[in-house]
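Could you look at this predicted model? Sequence included:
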Amino acid sequence: MHLTEWQSWTVLENYGAFVTEVCDKCGKILGWIRFTRYRQNGEWCSKACRDGFERKAGTCMGCGVPLKASVKVPCFAVIRAENAGASRTAKLSRKRP
């Protein structure tokens, strides 16, 4: 969230730092690193503030199974993604003139 000029000068007087933006959820001061979403207004201090929970990259959001690792029993999301790729190629191969 953008601070007004008066708010920025007040922070400068009280804390010695000129601040123009803070996190939309928790109000922490935003520095160089900020998290955004494509075509959405807002800037957050972390992924946890932006998404509402901490998530690990490369894992299924539902069950936590690694998406690219070889797993003996993959979750439904991995099976669905693999089948979507296979069905797409099957449809393309059937459209021969």
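Right, received. Where do you want to start?

May I have the predicted confidence score for residue 48?
We have a pLDDT of 87 for residue 48.

Then the one 10 residues further on?
Looking at residue 58, its pLDDT stands at 74.

How about residue 37?
For residue 37, the model assigns a pLDDT of 85.

Burial check on residue 22, number of neighbours?
For residue 22, the neighbour count with other Cβ atoms under 10 Å is 19. The way it works is simple: take the backbone N, C-alpha and C, and place the C-beta from them, glycine included.

In stretch 37-56, which residues are buried?
For stretch 37-56, the neighbour count (16 or more other Cβ atoms under 10 Å) marks 43-45, 49-50 as buried.

Export it to PDB, keeping only CA atoms.
Output in PDB follows, covering the C-alpha atoms of stretch 37-56 (Å, rounded to 0.1, in the frame of the first residue of the first chain):
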ATOM      1  CA  ARG A  37       0.700 -11.100  -8.500                       C
ATOM      2  CA  TYR A  38       0.200 -10.600 -12.200                       C
ATOM      3  CA  ARG A  39      -2.700  -8.200 -13.000                       C
ATOM      4  CA  GLN A  40      -3.600  -7.800  -9.300                       C
ATOM      5  CA  ASN A  41      -3.200  -4.700  -7.200                       C
ATOM      6  CA  GLY A  42      -1.200  -5.000  -4.000                       C
ATOM      7  CA  GLU A  43       2.300  -5.700  -2.800                       C
ATOM      8  CA  TRP A  44       3.300  -8.000   0.100                       C
ATOM      9  CA  CYS A  45       6.400  -8.600   2.200                       C
ATOM     10  CA  SER A  46       6.400 -12.400   1.800                       C
ATOM     11  CA  LYS A  47       4.700 -15.300   0.000                       C
ATOM     12  CA  ALA A  48       3.000 -16.200   3.300                       C
ATOM     13  CA  CYS A  49       1.400 -12.700   3.500                       C
ATOM     14  CA  ARG A  50       0.400 -12.800  -0.200                       C
ATOM     15  CA  ASP A  51      -1.000 -16.400  -0.300                       C
ATOM     16  CA  GLY A  52      -2.200 -16.700   3.300                       C
ATOM     17  CA  PHE A  53       0.000 -19.800   4.000                       C
ATOM     18  CA  GLU A  54       3.600 -20.900   3.400                       C
ATOM     19  CA  ARG A  55       4.100 -23.100   0.400                       C
ATOM     20  CA  LYS A  56       7.100 -24.900  -1.000                       C
END
